[in-house]
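J.: Make a model of this:
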Amino acid sequence: MSSLRRILSSRANGVLSQGPKTPQGKQRSAHNALRHGLLAQSLVFESESPEGFAAVLAGHLARLRPVDDFELGMVEEMVAAHWRLRRCWALETRMYEKQIAAQPAGSDLDRSADAFSSLAQAPAMALMHRYEARLHQMYQRSYRNLLLLRITELPNEPNPISEHPAALDPATPRSHTEGV
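T.: Next up, the predicted model:
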């Protein structure tokens with residue numbers, strides 16, 4: 001439990017702090033909780049191309065042609081997973097490039113192999129692969145559900161297999177061996 005002195009001190013300090021003043025400071029503080037952006041709420045970062053995202057969305061919409069808001073939601077989920085997966089690949093590429101550049105002089109293949117060896121042991125790479133698998137699974141699940149929704153038509157007619165035989169009248173008692 002905080003003491004009265006600490007509470008009063010915190011209040012006094014809180015009054016003095018008004019947050020960032022400059023546009024750069026405000027922009028920087030807006031990303032305080034951002035670590036890698038693979039599961040971010042906003043899909044397109046400032047460093048990414050909104051036109052590129054629009055092209056991915058347009059391509060999916062043209063190919064899949066959603067017929068209602070429900071299908072559109074599935075396509076949007078696919079596009080979000082696809083965009084984040086591309087971001088994951090870009091981050092992975094950058095990690096390899098930085099690790100290769102940090103290797104001592106030698107053949108390109110040796111430097112690449114050494115970079116791979118050091119990254120394979122890094123927890124960041126395991127986390128990256130977990131995100132890749134999750135994003136790929138999200139994309140595939142949405143796509144599969146969209147296809148299932150389109151091929152699964154609920155019949156409007158009764159299914160003759162599940163119906164009772166017409167010859168049996170429900171008012172007529174049956175023996176215990178009939179229909180077994």
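
J.: In this structure, what helix or strand scores lowest on average pLDDT?
T.: Using mean pLDDT, DSSP states H and E, the weakest-scoring helix or strand in the chain turns out to be helix 23-30, at a mean of 67.

J.: Pull the distance from the next helix or strand along the chain from that one to the chain's centre.
T.: The element immediately downstream of helix 23-30 (helix or strand, assigned by DSSP states H and E) is helix 50-64. Put simply, helix 50-64 sits 17 Å off its chain's centre (Cα atoms, centre = their mean, to the nearest Å).

J.: Check which helices and strands helix 50-64 is in contact with.
T.: Using 3 or more Cβ pairs under 8 Å, 6 or more residues apart in numbering; DSSP states H and E as the contact test, the elements touching helix 50-64 are helix 69-101. Just so you know, the C-beta spots here come from the backbone N, C-alpha and C atoms, and that holds for glycine as well.

J.: now this protein, which segments are flagged as low pLDDT?
T.: Along the chain, the model assigns pLDDT under 70 to residues 1, 17-18, 26-42, 153-180.

J.: List the residues that contact L61.
T.: V75 (Cβ atoms under 8 Å, 6 or more residues apart in numbering).

J.: again, 10 Å this time
T.: L72, V75, E76, V79 (Cβ atoms under 10 Å, 6 or more residues apart in numbering).

J.: Checking the closest residue to the first one other than its chain neighbours next. Helix, strand or coil?
T.: Put plainly, it is L72. For L72, ignoring the flanking residues on the chain, the nearest one in space by Cβ to Cβ, 6 or more residues apart in numbering is P66 at 4.2 Å. Secondary structure state of P66, per DSSP: H, G, I helix; E, B strand; the rest coil, is coil.

J.: P66 touches V79, doesn't it?
T.: No: using Cβ atoms under 10 Å, P66 makes no contact with V79, being 11.1 Å away.

J.: other SSEs contacting the host helix or strand of A126?
T.: Secondary structure from DSSP H and E places A126 in helix 123-151. Here helix 123-151 touches helix 50-64, helix 69-101, helix 108-120, going by 3 or more Cβ pairs under 10 Å, 6 or more residues apart in numbering; DSSP states H and E.

J.: Minimum distance to L149: which of those helices has it?
T.: Among those, helix 69-101 comes nearest to L149, with 6.8 Å by Cβ to Cβ.

J.: buried stuff in the closest one?
T.: Of the residues in helix 69-101, 71, 74-85, 87-88, 91-92, 95, 99-100 count as buried by neighbour count, 16 or more other Cβ atoms under 10 Å.

J.: which residues touch D108?
T.: I100.

J.: Quick check: the gap between the residue nearest to M128 when sequence neighbours are not counted and Q137.
T.: Spatial nearest neighbour of M128, excluding adjacent residues (Cβ to Cβ, 6+ apart): E92 at 5.5 Å. E92 is 17 Å from Q137, where distance means Cβ to Cβ, to the nearest Å.
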